[in-house]
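# Give the three-dimensional model of this entry:
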Amino acid sequence: MNQSSSETHLLLGTGERARALRLFGVALIGTPWLLSIDPARRIVSLEATLAAIGLGVALGIVAAVGLVDVDLRDVNDVTASVVALGCICVVTIAVWLLVPQQYIGAVIQFSLAFTWAVPVTQLLYHHYRTPKSS
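Okay, the predicted model is just below:
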């Protein structure tokens, strides 16, 4: 384990593994909350559900691998929060406008697949990328 002296706790550190474990925790905590929403438990059509899950997993893997080397420690916290909230608002409005009401469950299933694909991909990536100590 190559942890710097500033990393005292596995989840509170600033390293890649700590970030992946925090994302895994968010997925673990967020899954029951997303599944408690009624449309998430309704399967509109098998094709829409499979497409949503497949697209969520694919985009989750792309996001995890694409952002693996991005270091956001130098970004201002207020700026990052405002940009994140702005992006969430834009995506939410786009989903409301573009996705028919009967397919909202597929959007939630996409969110679940994406939410799990990112941390699992990051954990696997760091597990196989990190050299083993002898």
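
# what's stretch 60-68 in contact with?
With contacts defined as CB atoms under 8 Å, 6 or more residues apart in numbering, stretch 60-68 is touched by 16, 113-119, 121-122, 125. For every residue, glycine as well, the C-beta is placed using N, CA and C.

# go again using 6 Å as the cut-off
Residues outside stretch 60-68 that contact it (CB atoms under 6 Å, 6 or more residues apart in numbering): 114, 117-118, 121-122.

# any low-confidence regions in this structure?
Applying pLDDT under 70 to the chain flags residues 1-15, 71-72, 130-134.

# now the helices for it?
16-35, 46-66, 77-98, 104-129 (DSSP state H).

# can you give me the offset of the third one from its chain's centre?
Helix 77-98 sits 15 Å away from the centroid of its parent chain (CA atoms, centre = their mean, to the nearest Å).

# and the angle for it with helix 104-129?
If you take axes from the mean of the first three to the mean of the last three CA atoms, to 10 degrees, helix 77-98 sits at 140 degrees to helix 104-129.

# I'd like to know how many residues surround residue 54.
Residues lying near residue 54 (other CB atoms under 10 Å) number 12.

# ok, now which ones touch the residue nearest to it when sequence neighbours are not counted?
Spatially, and ignoring its direct neighbours in sequence, residue 54 is nearest to residue 113 (7.7 Å; CB to CB, 6 or more residues apart in numbering). By CB under 6 Å, 6+ apart, the residues touching residue 113 are 53, 56-57.

# out of those, which is most surrounded?
Within those, neighbour counts (other CB under 10 Å) peak at residue 56, which reaches 22 neighbours.

# what's the distance between it and residue 82?
Plainly put, residue 56 is 26 Å away from residue 82 if you go by CB to CB, to the nearest Å.

# picking up where we left off before, adding distance to residue 36, write the contacts of residue 113 out as JSON lines.
Converted to JSON lines, the contacts of residue 113 look like this (distance: CB to CB, whole Å):
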{"residue": "53", "distance to residue 36": "19"}
{"residue": "56", "distance to residue 36": "18"}
{"residue": "57", "distance to residue 36": "22"}
